[in-house]
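> What follows is a predicted structure for the sequence shown.
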Amino acid sequence: MIVFHKKSYLEDTEVKIAVNSPGFQYGMGFFTSLKFIDGQAQFLNYHLERIYHSCRVFNIPFNPIDINKIIENLMKKNNLLESRIKLIIYVDEDLMGQYLIIPQNLIINKYEKNLDSVAVDRGDLILNHHKSLNYFDNIRMKNTIRENFDDLILFSKKGQVLEATTSNIFFLDKDTLYTPPLNLPILNGIIRRVILESQDIRCVEKEISMNEIIDFAACFLTNSIKGIIPVKSIVYKSKRMIFNCENINKLPSKLLML
């Protein structure tokens, strides 16, 4: 696979990252995953806005480049019509932000998910709001998912719904969507933002208790690759709550096509 690293197009096996770079040693850097489909990188401006914002917040110097053109070139060089694109900005040995852009196989499955639940103590670290390269805790939790479950819904010690391991979460009640607010330790996902900005449905940011979720008509997860992912059930304190996934079909068609 041909990737883009620093200023060059290289075979992935030719990429070299210095062992003393903070990006390698400490996970200093950020990433975003986006979908290239139908001839374009979806919501690229939102992805760039978020990753550049993270670099500025943490004082990582970087030089903006024409990411759209680079992605188009990568698609041509790899003879791909669609792809999952992983865009990374990491801190190199000279303390400069460097780009690594990797095309990956695009695999989309939207089957109904069964979620287990787990309490987490994320404190008030600012890093919770940024998609950093130190993603170990998310992957660790994903690797602990019990048999017959697809993901975990994370909740705070106070019982507040947060998010899933790699997705945001929404609940539907009649004609209104609800999702946890950004004052909680969650990531502002791209599809989350798209839905909140949509004029096609009312969407409210609201703190949601785990004890409340049984009252909603439907539940779904969102991320940039899979769009909207229906949730069939959530287990909380050994109780399984079932959701009617057919209710998700009542969402505006623009959202269902994400």
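Sure thing, it's come through. Since we're looking at a predicted model, the values are computed, not measured.

> So the residue of the chain most remote from its centre, which state does it fall into?
With distances taken as Cα atoms, centre = their mean, the residue sitting farthest from the centre of the chain turns out to be residue 94, at 28.8 Å. Under DSSP: H, G, I helix; E, B strand; the rest coil, residue 94 falls in the coil class.

> Who are the contact partners of it?
With contact set as Cβ atoms under 8 Å, 6 or more residues apart in numbering, residue 94 has no partners. For the C-beta atoms, the positions are set from N, CA and C on the backbone; glycine is no exception.

> I'd guessed residue 109 sits against residue 226; true?
Yes - here residue 109 lies in contact with residue 226, judged by Cβ atoms under 8 Å, at a distance of 7.2 Å.

> Name the nearest residue to residue 29, sequence neighbours excluded.
Leaving aside its chain neighbours, residue 29 sits nearest to residue 90 (3.4 Å; criterion: Cβ to Cβ, 6 or more residues apart in numbering).

> Same question for residue 181.
Leaving aside its chain neighbours, residue 181 sits nearest to residue 205 (3.9 Å; criterion: Cβ to Cβ, 6+ apart).

> Need phi/psi at that neighbour.
phi -90, psi 120 (degrees, to the nearest 10).

> what's around it, how many residues?
Using other Cβ atoms under 10 Å, residue 205 is surrounded by 15 other residues.

> before we move on, the earlier item: number of residues surrounding the residue nearest to residue 29?
When counting by other Cβ under 10 Å, one arrives at 21 neighbours for residue 90.

> Do I have it right that it meets residue 98?
Yes - shown here, residue 90 and residue 98 form a contact pair, counting by Cβ under 8 Å, at 5.9 Å.

> list the residues that contact both of those two?
Counting by Cβ under 8 Å, 6+ apart, the shared contacts of residue 90 and residue 98 are residue 23.

> which residue ranges form the helices in the stretch 1-150 of the chain?
Applying DSSP state H, counting those that start in this stretch to the stretch 1-150 of the chain gives helices spanning 22-26, 44-57, 67-77, 136-142.

> Just give the strands next to whatever helix or strand comes next after the last one in its sheet, each with its orientation.
Later in the chain than helix 136-142, the nearest helix or strand by DSSP states H and E is strand 151-155. For strand 151-155, the pairing partners within the sheet under DSSP bridges are strand 113-119 (parallel), strand 161-164 (antiparallel).

> Report the buried residues of the shortest one.
Yep, that's strand 161-164 we're talking about. 161, 162, 163, 164 (16 or more other Cβ atoms under 10 Å).

> Appreciated, that's everything.
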